[in-house]
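*Asks:* starting from these lines, generate the structure:
(chains A and B)
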Amino acid sequence: MDKEKRKPTKPTEKMNLSSDSPGISFHLLANEKWQPITIPAFSILLSLIAAAIVILLIGKNPLNAFLNLLQGSGILPKPSYAGYKGILTDFLSLLNAMTPLLFASLAVAVAFKAGLFNIGVSGMMLTAGFTATVAVGYSDLNSFLAKPVVLIIGIGAGAVMGAFVGWLKYRFNINEVVSTIMLNNIAQYVFGFFINAYIVDPVSRQSRYILDSSRLTLVNVEYGGLKMDIPLGFILAIAAAVFLKFFMDKTILGYEIKTVGANRNAAKYAGINVKKNIILAMVISGALAGLAGVTYYLGYFSSIQPKVLSSVGYDAIAVSLLGNSNPVGIVFSSLLISIISKGSTYMSSIAGIDQDIASVITGLILLFSACGEYIKFKIRRLNDRQLERKESEA
Amino acid sequence: MDTIIIDGLSFALPLFIMAIGGIYSERSGITNLAIEGLQGFGAFIGALAVILISNFAKTDLESLFYLAIAFAMIGGMVFSILHAVLCIKFKANQVISGVVINILSVALTSFLTSQINKNAFGAASDKFQLGVSKRFTIGGLSRIPVIGAVFKGIYPFEIVIIIIAFFAWYVLYKTRYGLRLRACGDNPHSVDAAGVEVSRIRFTAVMVSGALSGLGGMCFAYSISANFSPNIYMGYGYLAIAALIFGNWKILPALGACLIFGFAKSGGYRIVQLMKLPSAYSDLIMILPYVLTLLLLIFFSKTNRAPRALGEIYDKGKR
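*Replies:* Below you'll find the model as predicted:
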């Protein structure tokens, strides 16, 4: 299917000439029902071609590199494994890395639906992660109690911060872009200070490792001769995506949030409480960001590096776009981005390609997917022209 | 007191020039979150150019400072064309395009820096060493009490920035081009009706913003960090965006916002020094500019208004 899709890109002019036989591939792209899937797939294909050219330029084999990416992330089997490791180990660690990204991207998407732009996911993640670490991470709660408490604290901390942003936006007309940037910086320094002052590990220069009982990823679980990390948060993340899909499409609240996002004045005129919806959207967004934070700092990692904001919050903005702000799309886009970043370690060790190329590929994918609208527009115009021609011939 | 003013200015001015770039772009109707990426990419090109030149011509790096600035502006401008094409020609969502540019810029510059270091200079390093540019003091003026500090320990780039900033202010508010640019952000159809192409004005505005961001990035590379490395993505670009929104999309209030950032930052450090607190406390003081901004915004945001057509794709047929 992928190969067929390449056709309509280059010979666009030719297609105008031979309008009678545009080919299956073109129909696939032109079919509006399938466009939400075909257009991102097409953009990804274009970006992989661009990435292949970059890899060729530094003198390596791009196909091998892509294969290594898939192998490193546990999608395809590697030729050999070290003891206690297998494809399942790699795949689970992929899911482990993907969980925070998925939550964070959903957080961005909810705010986006309400017409708000949440750059503050990173700051909210840090707030939630720090609060949960301090409150539960070093306590002797048993693990059945500790894990839910971590989740609740994460949700709570994120939601409070989200509500604050929403309130500033509505009450004082403070642009959410500015307030979230400010809060990001404040969180970064304040928690950096507290980590350095009270819970720093003198050797690693990070916060002390949390106890396993409160960690949301079960580490080194032995099963079938393999040692694996099982990310419990992943199930929750998928559940959150499904819930969000339902919430946005099938409930009144979701509809109101979308209306406020589409046109604030029209929503007000229709009797929708704009204030409530702005704050609600930010609360949900914050809660999801909080979940991203606890699954990141108390799941994927088990300590916090002081004075550093994770890049997950920024990547999430782009992942959310790649998934078209649609929860189901986001599941796939975050999987794709995680595969690339997770597989890159293996790729650089096997093929000797600099690991940074992974982020270049990610950047290219996002770049091309930003052009999705344009591709859609071009295709529609091609379609219209063909119709016109047929009419004039008839 | 002197150090507060000297350090504050050297931080505020590069921020200010990036904010001016942002104002150009946003007043023309193109949301520009890409400033962070543009400043980094500009600084990368500037640093790369002077490193290469100094290697071949065997000159020392400091004398190439103005060349670095020129290359950084060109680099930022070229990279901003990507943003302009995405937003104007490809009708992409402007916010998203900006974020994509930031991500791509971080990825590309760190990839290229380590590749170039490895292949051209045979050293595994992720930075280009630049050094700090020389400061100078204007003799007579610097002896005025308090205000004299403004003329002490000046980086050469501060002068460059002030000249360019004044020029940018003049163009934006006093020329026909500036008027059209501002009209593009509020009512693009009127510009179109006057027979001027909206997309062309917006394109140039984004390119100006790219050039000015590159300049700002280069100044940071030559002062605070003394090198180019991926550490240049410290979020200063986002801070510049905050400053321009705080300044209600106007140049002079944006200068005020940048000065607040600069003085709050240097003042905070000074307080830590004077009170002889352990250096860890400087982290707490570092939040001062941000808290101050939030507080001030609470009082001043009521009248804030973004350009009306900001972020909208220009559609000729729309009523």
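*Asks:* any weak-confidence spans in chain A?
*Replies:* Within chain A, the set of residues satisfying pLDDT under 70 comprises A:1-27.
*Asks:* any idea which helix or strand carries the residue of the stretch 1-150 of chain A found nearest chain B?
*Replies:* Using C-beta to the nearest C-beta, the closest approach of the stretch 1-150 of chain A to chain B is made by A:F117 at 5.8 Å. Placement of C-beta: from N, CA and C, glycine included. Secondary-structure element containing A:F117, defined by DSSP states H and E: none, the residue being outside all helices and strands.
*Asks:* is it true that it touches A:S179?
*Replies:* No. Because the distance of 10.9 Å does not satisfy C-beta atoms under 8 Å, A:F117 is recorded as not touching A:S179.
*Asks:* neighbour-wise, which of these two wins?
*Replies:* Regarding A:F117 and A:S179, a neighbour count based on other C-beta atoms under 10 Å in any protein chain shown identifies A:S179 as having more, with 27 against 20.
*Asks:* and A:V308, how far from chain B?
*Replies:* Using C-beta to the nearest C-beta, to the nearest Å, A:V308 is found at 11 Å from chain B.
*Asks:* distance of the residue lying closest to A:S204 once chain neighbours are set aside relative to chain B?
*Replies:* Counting by C-beta to C-beta, 6 or more residues apart in numbering or on different chains, the nearest residue to A:S204 once its immediate chain neighbours are dropped is A:S303, at 7.0 Å. Applying C-beta to the nearest C-beta, one obtains 18 Å for the distance of A:S303 from chain B.
*Asks:* give me the three-state assignment for A:S303.
*Replies:* coil (DSSP: H, G, I helix; E, B strand; the rest coil).
*Asks:* and the helices in chain B, which stretches?
*Replies:* Counting by DSSP state H, chain B has these helices, from start to end: B:2-27, B:35-57, B:65-84, B:94-120, B:156-174, B:176-186, B:188-193, B:198-223, B:236-246, B:251-274, B:281-286, B:288-300.
*Asks:* so which bits of the stretch 151-300 of chain B are right by chain A?
*Replies:* Taking C-beta under 8 Å from any C-beta of the partner chain as the test, the list of the stretch 151-300 of chain B residues beside chain A reads B:235, B:238-239, B:241-242, B:245-246, B:280-281, B:283-284, B:286-287, B:290-291, B:293-294, B:297-298.
*Asks:* and these, which of them are buried?
*Replies:* Of all these considered here, the ones buried according to neighbour count by 16 or more other C-beta atoms under 10 Å in any protein chain shown are B:238-239, B:241-242, B:245-246, B:281, B:283-284, B:286-287, B:290, B:293-294, B:297.
*Asks:* residues near residue 105, how many?
*Replies:* Here I'm looking at chain A. Here the neighbour count serves as a burial measure; for A:S105 (other C-beta under 10 Å) it reads 35.
*Asks:* oops, chain B please
*Replies:* Using other C-beta under 10 Å, B:S105 is surrounded by 25 other residues.
*Asks:* what's near enough to touch the residue nearest to it when sequence neighbours are not counted?
*Replies:* Here the nearest residue to B:S105 in space, its sequence neighbours aside, is B:G37; by C-beta to C-beta, 6+ apart that works out to 3.3 Å. Listed by C-beta atoms under 8 Å, 6 or more residues apart in numbering or on different chains, the contact set of B:G37 reads B:F79, B:G98, B:I101, B:N102, B:I103, B:L104, B:S105, B:V106, B:Y233, B:G237.
*Asks:* and A:V136, by the same measure?
*Replies:* Under the criterion of C-beta under 8 Å, 6+ apart, the contact partners of A:V136 comprise A:A146, A:V149, A:V150, A:I153, A:I210, A:S214.
*Asks:* selecting buried members of the residues you listed in PyMOL, what would you type?
*Replies:* Selection command for PyMOL covering only the buried members of the contacts of A:V136, criterion 16+ other C-beta under 10 Å:
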select buried, chain A and resi 146+150+153+210+214
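*Asks:* want to try CSV for the contacts of A:V136, with secondary structure and distance to A:S122 as columns?
*Replies:* Supplementary listing: the contacts of A:V136 in CSV, determined by DSSP: H, G, I helix; E, B strand; the rest coil; distance: C-beta to C-beta, whole Å:
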residue, secondary structure, distance to A:S122
A:A146, helix, 25
A:V149, helix, 23
A:V150, helix, 19
A:I153, helix, 18
A:I210, coil, 20
A:S214, helix, 22
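*Asks:* output the contacts of A:V136 as TSV; include the columns distance to A:E256.
*Replies:* Listed next are these as TSV, based on distance: C-beta to C-beta, whole Å:
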residue	distance to A:E256
A:A146	37
A:V149	32
A:V150	31
A:I153	29
A:I210	39
A:S214	37
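*Asks:* name the helices or strands packed onto the host helix or strand of A:L364?
*Replies:* Per DSSP H and E, A:L364 falls inside helix A:357-370. Identification of packing neighbours for helix A:357-370 by 3 or more C-beta pairs under 8 Å, 6 or more residues apart in numbering or on different chains; DSSP states H and E yields helix A:35-57, helix A:312-322, helix A:327-351, helix B:94-120.
*Asks:* I'd like those as JSON lines, with distance to B:V198 appended.
*Replies:* Rendered in JSON lines, the data for those read as follows (distance: least, C-beta to C-beta, whole Å):
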{"stretch": "helix A:35-57", "distance to B:V198": "27"}
{"stretch": "helix A:312-322", "distance to B:V198": "25"}
{"stretch": "helix A:327-351", "distance to B:V198": "32"}
{"stretch": "helix B:94-120", "distance to B:V198": "14"}
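*Asks:* between the ones you listed, which gets nearest to A:A107?
*Replies:* Taking C-beta to C-beta as the criterion, A:A107 comes closest to helix A:312-322 out of these, the separation being 6.9 Å.
*Asks:* which ones are touching the nearest residue to B:A306 once chain neighbours are set aside?
*Replies:* The shortest distance from B:A306 to any residue that is not its chain neighbour, by C-beta to C-beta, 6+ apart, is 6.7 Å, and that residue is B:W249. Contact analysis of B:W249 by C-beta under 8 Å, 6+ apart lists B:I23, B:E26, B:R27, B:A306, B:P307.
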